[in-house]
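# 3D model of this:
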Amino acid sequence: MLNINRRANIMNFLLLISVIGLLFFGCSRGPEPIDYGKDACAACKMTIMDNKYAAEIVTKKGKVYKFDAIECLFNFKAKNLKEEDIFSEWVCDFSDPGKLINLRKAYFLHTEAFQSPMGLDVLAVATKDKVKEIQTKYGGHIMNYNEVRDFAIQRKMMNEMEMKH
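Now for the predicted structure:
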């Protein structure tokens, strides 16, 4: 009798460990590949085409939202998500198209030399050296995460006001 109970306890323990493992490791919290030409932007519903400007949000529940440009990400986030619900944010590296980098660690450049899909004209790269290299060649203003966020939200508000008049 004792042997059967012990075996049942061991089986229950192994089952519990398996379930915990699936919960922690079964759901990816990193970026999901973007299917360019097929995936739609969660904010503006346009088809995501440009692999130099796309972005993503991954929530703590594992839901992935894809965007055709960083301004769509920030405006969607401001309207639909709470900061505490977000697990990670990603943006394409302009200098390595299609490669998603951590949005909060990225370096940003606002330059009209390159036109982003939604017109904010902000690009992101992985390193400080790369953003300075692009700025030296094409001009523009280097920005941090908060500046880009505020710029995107302000631009959206200005566009909405212009549409009302």
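# residues near I48, how many?
For I48, the tally of surrounding residues (other C-beta atoms under 10 Å) stands at 26. Every C-beta, even on glycine, is put in place using the N, C-alpha and C of the backbone.
# Ok, N102 next?
Using other C-beta under 10 Å, N102 is surrounded by 14 other residues.
# A42 too?
The burial count for A42: 21, using other C-beta under 10 Å.
# show me what contacts it?
By C-beta atoms under 8 Å, 6 or more residues apart in numbering, A42 lies in contact with Y65, K66, F67, C72, F76.
# make it 10 Å
Residues near A42 by C-beta atoms under 10 Å, 6 or more residues apart in numbering: 48, 55-57, 63-68, 72-73, 76-77, 80.
# Which of those residues fall in strands?
A55, E56, I57, V64, Y65, K66, F67 (DSSP state E).
# Can you tell me which of these is closest to F87?
Using C-beta to C-beta, I57 is the member of the ones in strands among the contacts of A42 that lies nearest F87, at 8.4 Å.
# give the contact list for that closest one.
I57 sits next to 31, 42, 63-67, 73-74, 76-77, 80-81, 85-90, 103 when contact means C-beta under 10 Å, 6+ apart.
# change it to 7 Å
Y65, L73, K77, L81, I86, E89 (C-beta atoms under 7 Å, 6 or more residues apart in numbering).
# okay, those residues in JSON lines with pLDDT next?
As requested, the contacts of I57 are exported to JSON lines (pLDDT from 0 to 100):
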{"residue": "Y65", "pLDDT": "98"}
{"residue": "L73", "pLDDT": "97"}
{"residue": "K77", "pLDDT": "96"}
{"residue": "L81", "pLDDT": "97"}
{"residue": "I86", "pLDDT": "97"}
{"residue": "E89", "pLDDT": "98"}
